[in-house]
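Asker: 3D model of this:
(one chain, ligands or ions: 1)
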Amino acid sequence: MAADLDALRARYLADLAAASTPDSVEAVRVAALGKSGTVTALLKSLGGLAADERLRLAPAYQALREELAGAIEAKKAALEAAALEARLAAERMDMSLPVLPEPTGSIHPIARVMDELAEIFADLGFAVAEGPEIEDDWHNFTALNIPPEHPARAMHDTFYLAGAPEGRVLRTHTSPVQIRTMTGGTPPIRIIAPGRVYRSDSDATHTPMFHQVEGLVIDRDTHMGHLKWTLETFVQAFFGVDDVVLRLRPSFFPFTEPSVEVDVGCSWEGGRLAIGGSASWLEILGAGMVHPKVISNCGLDPTEWQGFAFGCGIDRLAMLKYGMTDLRAFFDADLRWLRHYGFRALDVPTLSGGVSA
Ligand code: PHE
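Answerer: Prediction:
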């Protein structure tokens, strides 16, 4: 009998040593310790033995069962540990890879304000139009009702281009885009035209290159009320202030009639500017109803079509909104200034997310 037990033990331990999967370990367990396993059968047979026989054999049977059960458990645990080890090795991730560095560039406040303007006016149904910065005399002046002998030309401090075809200038305002839009398309028209403009002028509040945004609406039955509402809606959205008060003062531009200069109500609390109310006034733009002569210069019938236009300095808008005091710093390309006043590249202004960052 003892020899039988030793043989059984040796066989199962050898089977276990050879088993390389959980299934083959389970097969050994079933063969030895399962319901009809050999060791189980031996233990069952104890019940049919005489008492002294049973006392003699039982400890050896029990010991064999214990030993095999322990070996099976150990083998299972070893296989599981090996499987986990293999999985960890296969799914290994290198956490030491460096992350991409933060971008160091930033969006210039002027570019930012242009994006804000496009967003605000897109919501009102305006498209963005563009025109060349090297303009001809006709688009920059004549078509806008500023003929060569007109005194208003002197107000523009124009850069004339030597060596270029006759009459080329650096555009002195964005209003030539009005002309290009009316001659190049059919009404109804609703556009804004942001861009660079040039005048021979330089001091703390003037740079030879600066930025304007032009607005143009041409339709039937358009009037000054539409102009005022459009400007109010724009200023409210741009500054993020509800109680915006606009003051329209009579003025003169050759290409609009009537013409107005538009002030926005503001206050200076503790030397800090706040847009809103009507304690004080800041001039922000020029505007008016497009002159009938300008409309007919563009080949449209002014008895059928009319509308309004406005022109506004973008640099000044940015200064008012974001609190810069010196215009010249906009163009110094000083990295410390850009880091301070610049915007993160991915912060795109949206009406829902807010254009009043
Ligand atoms: N072009 C004018 C300027 O540069 C501004 C303006 C545009 C005024 C459109 C009226 C209408 O000063």
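
Asker: for the chain, which residue gets nearest to the ligand?
Answerer: Closest residue of the chain to the ligand, CB to the nearest ligand atom: residue 311 (2.6 Å). C-beta: built from backbone N, CA, C; applies to glycine.

Asker: chain center to the helix or strand harbouring residue 59, what's the gap?
Answerer: Using DSSP states H and E, residue 59 falls within helix 51-90. Chain-centre distance of helix 51-90: 62 Å, with CA atoms, centre = their mean, to the nearest Å.

Asker: so after that helix, what's the next helix or strand?
Answerer: Helix 51-90 is succeeded, C-terminally, by helix 109-123 (DSSP H and E).

Asker: okay, now the sheet partners of the next helix or strand after that next one, with direction.
Answerer: Downstream of helix 109-123, the next assigned helix or strand under DSSP H and E is strand 127-128. Paired strands of strand 127-128, with direction, are strand 189-198 (parallel) (DSSP bridges).

Asker: what's whichever helix or strand comes after the strand it pairs with packed up against?
Answerer: Remark: after strand 189-198, the chain's next helix or strand is strand 209-219, criterion DSSP H and E. When contacts are defined as 3 or more CB pairs under 8 Å, 6 or more residues apart in numbering; DSSP states H and E, strand 209-219 sits against helix 109-123, helix 176-184, strand 189-198, helix 224-239, strand 280-290, strand 306-313, helix 314-322.

Asker: how about strand 209-219: buried residues?
Answerer: Residues 210, 211, 212, 213, 214, 215, 216, 217, 218 are the ones in strand 209-219 that count as buried (16 or more other CB atoms under 10 Å).

Asker: reduced to three states, what does the residue nearest to residue 295 when sequence neighbours are not counted come out as?
Answerer: Nearest in space to residue 295, with sequence neighbours left out and distances taken as CB to CB, 6 or more residues apart in numbering, is residue 302 at 4.2 Å. Under the three-state scheme (DSSP: H, G, I helix; E, B strand; the rest coil), residue 302 adopts coil.

Asker: enumerate every residue touching residue 302.
Answerer: Residue 302 makes contact with 292, 293, 295, 296 under the criterion CB atoms under 8 Å, 6 or more residues apart in numbering.

Asker: burial measure for the second one, as a count.
Answerer: The reference is to residue 293. Residue 293 is flanked by 15 other residues according to other CB atoms under 10 Å.

Asker: then the one 5 residues further on?
Answerer: For residue 298, the tally of surrounding residues (other CB under 10 Å) stands at 21.

Asker: in contact with it: list those residues for me.
Answerer: 143, 179, 182, 183.

Asker: okay if I get the residues you listed as TSV plus distance to the ligand and pLDDT?
Answerer: What follows is the contacts of residue 298, written out as TSV (distance: CB to the nearest ligand atom, whole Å; pLDDT from 0 to 100):
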residue	distance to the ligand	pLDDT
143	13	97
179	12	98
182	13	98
183	17	98
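
Asker: and the residues you listed, which are buried?
Answerer: Buried, going by 16+ other CB under 10 Å: 143, 179, 182, out of the contacts of residue 298.

Asker: wait, what's in contact with residue 248?
Answerer: Contacts of residue 248 by CB under 8 Å, 6+ apart are 228, 260, 261, 262, 287.

Asker: show me what contacts the closest residue in space to the last one that isn't next to it in sequence?
Answerer: The reference is to residue 287. Nearest non-adjacent residue to residue 287, counting by CB to CB, 6+ apart: residue 310, 3.6 Å away. Neighbour list for residue 310: 214, 215, 227, 231, 262, 285, 286, 287, 288 [criterion: CB under 8 Å, 6+ apart].

Asker: so which of those wins on neighbours?
Answerer: For the contacts of residue 310, neighbours tallied by other CB under 10 Å; top is residue 215, 27 neighbours.

Asker: about what we covered before: whichever of the contacts of residue 302 end up buried, select them in ChimeraX.
Answerer: Of the contacts of residue 302, the buried ones can be selected in ChimeraX as follows, counting by 16+ other CB under 10 Å:
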select :292,295
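
Asker: among the contacts of residue 302, which are in helices?
Answerer: Among the contacts of residue 302, the subset assigned to helices under DSSP state H consists of 292, 293, 295, 296.

Asker: of all the residues you listed, which comes closest to residue 174?
Answerer: residue 295 (17.8 Å; CB to CB).

Asker: residue 173 against residue 311, yeah?
Answerer: Yes: here residue 173 reaches residue 311: they are 6.0 Å apart, a contact under CB atoms under 8 Å.

Asker: thinking again about what came up before, can you pull the contacts of the residue of the chain closest to the ligand?
Answerer: Contacts of residue 311 by CB under 8 Å, 6+ apart are 173, 174, 175, 212, 213, 214, 215, 285, 286, 287.

Asker: how does it look with 7 Å?
Answerer: With contact set as CB atoms under 7 Å, 6 or more residues apart in numbering, residue 311 has these partners: 173, 174, 175, 212, 214, 285, 286.

Asker: relative to residue 243, which of those residues is nearest.
Answerer: Nearest to residue 243 among the contacts of residue 311, counting by CB to CB, is residue 285 at 19.1 Å.

Asker: now do the closest one against residue 334, distance only.
Answerer: 28 Å (CB to CB, to the nearest Å).

Asker: re the thing from before, Serialize the contacts of residue 311 to a markdown table and add fields for distance to residue 342.
Answerer: Below are those laid out as a markdown table (distance: CB to CB, whole Å):
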| residue | distance to residue 342 |
| --- | --- |
| 173 | 27 |
| 174 | 24 |
| 175 | 30 |
| 212 | 22 |
| 214 | 26 |
| 285 | 25 |
| 286 | 29 |
